[in-house]
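K.L.:
Test case, fold it:
(one chain, ligands or ions: 2)
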Amino acid sequence: MLPLALTLGDPSGIGPELTLAAWRAQGHPFAVFGCAALLRSFAPEDVPIAAVANVAEAAATFPHALPVIDIPLPAPALPGTPDLANAAATIAWIEAAVTACQNGDAAALVTNPINKKVLKDGAAFAFPGHTEFLAHLTGAARPVMMLAGPDLRVVPVTIHIPLSDVPRALTADLLEETIRVTATGLARDLGLSSPRIAVAGLNPHAGEGGAMGHEDAMLIAPVLDRLRAEGMTLSGPLPADTMFHARARAGYDVAVCMYHDQALIPIKTLNFEDGVNVTLGLPIIRTSPDHGTAYDIAGKGIADPRSLMAAIAMAGDMAQARWP
Ligand SMILES: NC(=O)c1ccc[n+]([C@@H]2O[C@H](COP(=O)([O-])OP(=O)(O)OC[C@H]3O[C@@H](n4cnc5c(N)ncnc54)[C@H](O)[C@@H]3O)[C@@H](O)[C@H]2O)c1
Ligand SMILES: N[C@H](C(=O)O)[C@H](O)COP(=O)(O)O
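P.N.:
Numbers count the residues shown, from 1 in each chain. Ligands and ions are numbered 1, 2, ... in the order given. Below is the predicted model of the structure:
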């Protein structure tokens, strides 16, 4: 199978050191889209760094050196101290890696964490994160963020918007499209042909019959009724505070939640070390670790590589399932 395309992410975050650890693990082969000089600057002797011309060359290189498709940084990258001058290169790594996937040179995209504000301030990055940027680059109409771990899968319907904007952003169309993309993605890439989908309410106690809000009964429930009539297996709108204990989780394959933290608090509580961020609804496969740039520990050699390694493994498994 083809190698993966791995982007280095924020060069001052923990992505570079996690990438060295992922290469040492010698899991699914990958080509790094990043800066060879940066990686050489702190790679130990047992991790040789080799600049390669393309992903195909990376396949032969990977067993004995970390292959890098080199797009050099303009400024030194100090761990934990981002430099806005490096924002454009960070974005260029993502663009080049997506092109490699679109050209069929790479099997899937795995992205190390970026810092959205650094990219916005340093390069006028106009997107809330990878999810929306990758949809823009690939022409995908409705990208869906899913966080998947051994104990839970979650999908936030609304993502990187202020909590105060959630009720206004939560439309029947968005909810319906998110559920459809989720069901399709689980069937195509994760072998769940008729996924059991639990849907959270927006309000406390799912609105308490209207006493604590109307979105649950007036917006969410009619969408679920419509999709159930098509044959989908859906439960909800459920009170979110009793959806995530072990017995509740045994009753579904994925939890669709109304906003970012309603989804990400339970998954990062249960599976922070090995959770994976998967973007559904794209024409390419994309995974990412479930964590961010972790400036507070960058360069200290204590960052846990397991989430990145899980993202690499999941990307390889999804590619194998899609193109056996
Ligand atoms: N996939 C992504 O690109 C992605 C994901 C999440 C957050 N972010 C971005 O990262 C930046 C920082 O976000 P944050 O502070 O909310 O979250 P964070 O995940 O960077 O850090 C939260 C805490 O978890 C710790 N942590 C994170 N990853 C770790 C690892 N692998 N091993 C050990 N400890 C780890 C950090 O040290 C920190 O104490 C923000 O700009 C955010 O948008 C990007
Ligand atoms: N909300 C995501 C998480 O906590 O993992 C994170 O910001 C990544 O978003 P993108 O994949 O859109 O960059």
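K.L.:
so what's the closest residue to ligand 2 within the stretch 51-200 of the chain scoring on pLDDT?
P.N.:
Scanning the stretch 51-200 of the chain for proximity to ligand 2 using CB to the nearest ligand atom identifies Gly129 as nearest, at 2.7 Å. All C-beta atoms are positioned from the backbone trio N, CA, C, and that covers glycine. As predicted, Gly129 sits at a pLDDT of 96.
K.L.:
any idea how far the closest residue to Gly191 other than its chain neighbours lies from Glu57?
P.N.:
Distances taken as CB to CB, 6 or more residues apart in numbering put Ala321 closest to Gly191, at 6.7 Å, once the chain neighbours are dropped. Going from Ala321 to Glu57 by CB to CB, to the nearest Å gives 26 Å.
K.L.:
Comparing these two, which residue is more hemmed in?
P.N.:
Between Ala321 and Glu57, counting by other CB atoms under 10 Å, Glu57 is the more crowded of the two (16 against 13).
K.L.:
is it true that that one touches Pro67?
P.N.:
Yes. Between Glu57 and Pro67 there is a contact at 6.9 Å, judged by CB atoms under 8 Å.
K.L.:
sorry, back to before: which element is the residue nearest to Gly191 on?
P.N.:
According to DSSP states H and E, Ala321 maps onto helix 306-322.
K.L.:
what's that helix in contact with?
P.N.:
1-2, 4, 6, 15, 18-19, 21-22, 25, 27-28, 30, 107-110, 112, 148, 188-191, 272-278, 285-291 (CB atoms under 8 Å, 6 or more residues apart in numbering).
K.L.:
ok, and the closest non-adjacent residue to Arg188?
P.N.:
Here the residue nearest Arg188, using CB to CB, 6+ apart, is Arg322, at 6.9 Å.
K.L.:
and the stretch 201-324 of the chain, which of its residues are near ligand 2?
P.N.:
Counting by CB under 6 Å from any ligand atom, the stretch 201-324 of the chain comes close to ligand 2 at 264, 277, 288, 290.
K.L.:
Helices of the protein, start to end?
P.N.:
Using DSSP state H, the helices of the chain run over 15-25, 36-42, 55-61, 87-102, 116-123, 130-138, 166-169, 172-190, 215, 221-229, 246-249, 260-270, 306-322.
K.L.:
how about TSV for those helices, with distance to Thr158 added?
P.N.:
Shown next, in TSV, are those (distance: least, CB to CB, whole Å):
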stretch	distance to Thr158
helix 15-25	26
helix 36-42	35
helix 55-61	35
helix 87-102	23
helix 116-123	16
helix 130-138	12
helix 166-169	5
helix 172-190	7
helix 215	12
helix 221-229	14
helix 246-249	22
helix 260-270	7
helix 306-322	23
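K.L.:
would a markdown table of those helices with distance to ligand 1 be doable?
P.N.:
Putting those into a markdown table (distance: least, CB to the nearest ligand atom, whole Å) gives the following:
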| stretch | distance to ligand 1 |
| --- | --- |
| helix 15-25 | 6 |
| helix 36-42 | 17 |
| helix 55-61 | 21 |
| helix 87-102 | 10 |
| helix 116-123 | 5 |
| helix 130-138 | 6 |
| helix 166-169 | 18 |
| helix 172-190 | 18 |
| helix 215 | 27 |
| helix 221-229 | 28 |
| helix 246-249 | 23 |
| helix 260-270 | 8 |
| helix 306-322 | 6 |
